[in-house]
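Trainee: sequence-free structure coming up:
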């Protein structure tokens, strides 16, 4: 990753109360839009509107898991609210999404003492027989250790007690533990929850089955419980667990992507996408994953409307459905809009929590990176002036793959993975002032990218050359 | 509170490998015992023995709530282990303790949407009828607000959503909410859990009923859920909750205080008590509250034995039972030892978590404070050289009231109340090196206080004059 950070080109005081028209209307230079940027920043940070909206959305509807009525009711409410806000072309687009149902589930330590363990089944897992699976536990610290001890795994429940390093690295155990354990003859797989800190807090999340291995149930334990089982094994105690999971995968059902716009005044067919995903896991309320990103994108466009800042191109809010366990909304958006993707100037998503913004991770050409770095320089006052390469976010992945320059909002994510996919992903963890700065960052980046005389230059990002 | 901190009297290098005999054997000056102190510090910090013992105790027996078999089995195990360690006069003393049983319990938000709330009944609460209590919720932010809105409380469940300031201040809502609500005609009381941070983590703890008010059920919600209910009320939504609690108080049962010693070589009838409480709440494993303090005291004396540091007076480990919901062990110890309390030179307890030690809170005369401050100066290398006045800890309260100088180990307690009385009070939150420094602090303070030529001077503490 390379980090680009520009010094401010124009001192703020020089443009304090400039008119909302670029000094040089024909300029491609982003710093010509400082007055508009400052106006968006002021509006975004003037109140707690965005935080309040995240709170209302999450309080009203709770978790918004694919295949649930809560998700669809939340979408209905958002559509109504967006229309009331005066957003344009508010609509939904159908998406077939998977329907995994958790059912009743539990894990109990049977030996060396009986106690309930703190667990969450992993998304996509099969269930156990109704009476559960009781077996001895083999605790390993890595895939490599399981390979060395494969002979001990047969007929057991394998627990991967793997300390968190980075999400990218450790999450491999959420995805791959079931099949790795199954190949060694295990009857179920458990993992230490994927997170750096917990308070008996299990983390769910998606897992996958290799076609080559039997499908065995998989669940996450709290980090505390996983560490306890490892200590018990280290003392030479025989660890037995009973795992019961009612999980099942039902037929796909229909959900929707939400779309709303502020239409471009000169080139309405050219589009800057700004969004988040509206679905969440089935625990907590998905306040940071990703009600926050969804509301930040929505608020960004609402503020443009309110300030009468109609950009040259269209800015389109997209709230993707089913990011968490399928990415179906992201793929459906790409498919439904394939004909206009060459006029997608930029796609921005916030999906790492609306904490204190730092800037954007960007994937695109060097020439485009130079331009977005200049836009980011307008965000110095909200701390969001860094451009990190490469970068992106899950739902804009299909767009980036199709050649659209893409960026993910980057924030202080030091606590994001404390709460990620847990019951504790709730709005109180977010700070209204930080959320407001995320809105400002999304608004300024989207607005200026939509306003520049020429679209962002395309071309392969450096890594792809 | 006044904080005393002495500069080290003798440079460490001057006594590096001094013999384990005071330079001036007749000295009352604590700094004459630097060599012994350093020896205890080295032994305590050489390994993770204390942390491992906390882990084994809590892993083997889990929570150790008064009236449970787990507590009694843990006591049996400790007695065996203490004997194996070579501690002297290992024994138990009977204590009748209350037996409050939580039973099945739940709280469900019924309106404006249905969802399970994260709750724990408060210790001592009565239960609800079997079908539970369903009622509208009135959320208030303080006792004063309830008084102003008393007319609205009749027939409702009152939720005290009170932000945490300090434990001392905020815990008044755990103790008093039920009777305050009952006086206003409420049918049940809920509180925001008493803690500065949570991850949907309810905190239990003791409550009490005023004789003047009806006894209504009382429970704590996670801070997240309490804040959500308050937001719902602020939006004008009608909040309804169904609370079901199977709590009941059964007849008292017998438990035990654990006592073990290293007998004094010259004045065995004079006693320095060093201890913690062996019971815990019925959630988590009570690793910091107070397996850590119990083990720190036990380890302190084990190290004296191992190093053959037999002090002039007796050092007595006391592990009190039933601190959490009765303080019966503390009172029973005082009653059983009333005849020798005038020969109790000092009583030390650790009950605020075995985090990085800072020193001791002390209650006693100015003359005694001056001496213990000099002993604390020997603990500069482990960071435990502060003496704060006044100070103490729950189980030595009855001894302090009887005139015994008393002190509580003081630590970095910044996270203690995150975990306090929750399912997340587990050994992984403790750092082996910090625990070892707590052992060193307890050992040095107890040893030198027992070794001084003259007992600590008695006399009323300044506040009592």
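Mentor: Cool, the structure landed. All values derive from a computational prediction rather than experimental measurement. Numbering: from 1, shown residues only, chains lettered A, B, ... in the order given.

Trainee: now stretch A:269-277: how far from the chain's centre is it?
Mentor: Stretch A:269-277 sits 16 Å away from the centroid of its parent chain (Cα atoms, centre = their mean, to the nearest Å).

Trainee: Average pLDDT for that stretch, rounded please.
Mentor: Mean pLDDT, stretch A:269-277: 98.

Trainee: Show me what counts as buried in it.
Mentor: By neighbour count with 16 or more other Cβ atoms under 10 Å in any protein chain shown, stretch A:269-277 contains the buried residues A:270-277. For the C-beta atoms, the positions are set from N, CA and C on the backbone; glycine is no exception.

Trainee: What's the local residue count around the nearest residue to residue A:198 once chain neighbours are set aside?
Mentor: Distance criterion Cβ to Cβ, 6 or more residues apart in numbering or on different chains; nearest residue to residue A:198, sequence neighbours excluded, is residue A:223 at 4.7 Å. By other Cβ atoms under 10 Å in any protein chain shown, the residues close to residue A:223 number 27.

Trainee: List the contacts of the residue of the stretch 251-400 of chain A found nearest chain B.
Mentor: As assessed by Cβ to the nearest Cβ, chain B sits closest to residue A:284 within the stretch 251-400 of chain A, at 7.7 Å. Going by Cβ atoms under 8 Å, 6 or more residues apart in numbering or on different chains, residue A:284 touches A:63, A:419, A:421-426, B:200.

Trainee: Look up how far chain B lies from the residue of chain A most remote from its centre.
Mentor: The outermost residue of chain A relative to its centre, with distances by Cα atoms, centre = their mean, is residue A:236 at 41.3 Å. According to Cβ to the nearest Cβ, to the nearest Å, residue A:236 stands 12 Å off from chain B.

Trainee: helix, strand or coil for that residue?
Mentor: Following DSSP: H, G, I helix; E, B strand; the rest coil, we place residue A:236 in the coil state.

Trainee: Give the burial count for the residue of the stretch 301-450 of chain A found nearest chain B, as a bare number.
Mentor: In the stretch 301-450 of chain A, the residue that lies nearest chain B is residue A:424 (3.7 Å; Cβ to the nearest Cβ). With neighbours defined by other Cβ under 10 Å, the count for residue A:424 comes to 26.

Trainee: Model confidence at it, what's the number?
Mentor: 98.

Trainee: got it, and the one 4 residues further on?
Mentor: The score at residue A:428 is 98. That number is its pLDDT.

Trainee: Verify the stated contact: residue A:455 with residue A:345.
Mentor: Yes - with contact defined as Cβ atoms under 8 Å, residue A:455 counts as touching residue A:345 (4.5 Å).

Trainee: Going by neighbour count, which of the contacts of residue A:284 comes out on top?
Mentor: Compared across the contacts of residue A:284, residue A:425 has the highest neighbour count, 31 neighbours, by other Cβ under 10 Å.

Trainee: does that residue really touch residue A:291, like I thought?
Mentor: No - the criterion here is Cβ under 8 Å, and residue A:425 misses it with residue A:291 at 9.0 Å.

Trainee: Spit out the residues that contact residue A:455 and residue A:345 alike.
Mentor: Residues touching both residue A:455 and residue A:345 (Cβ under 8 Å, 6+ apart) are A:270, A:313.

Trainee: In terms of neighbours, single out the busier of these two.
Mentor: Using other Cβ under 10 Å, the more surrounded residue of residue A:455 and residue A:345 is residue A:345, with 26 against 21.

Trainee: of all the residues in chain A, which ones are close to chain B?
Mentor: The interface of chain A toward chain B, taken as Cβ under 8 Å from any Cβ of the partner chain, is made up of A:55-56, A:59-62, A:112-113, A:115, A:118, A:198-201, A:223-224, A:227-228, A:231-232, A:235, A:284, A:418-419, A:422-424, A:426, A:428.

Trainee: Thanks a lot, catch you later.
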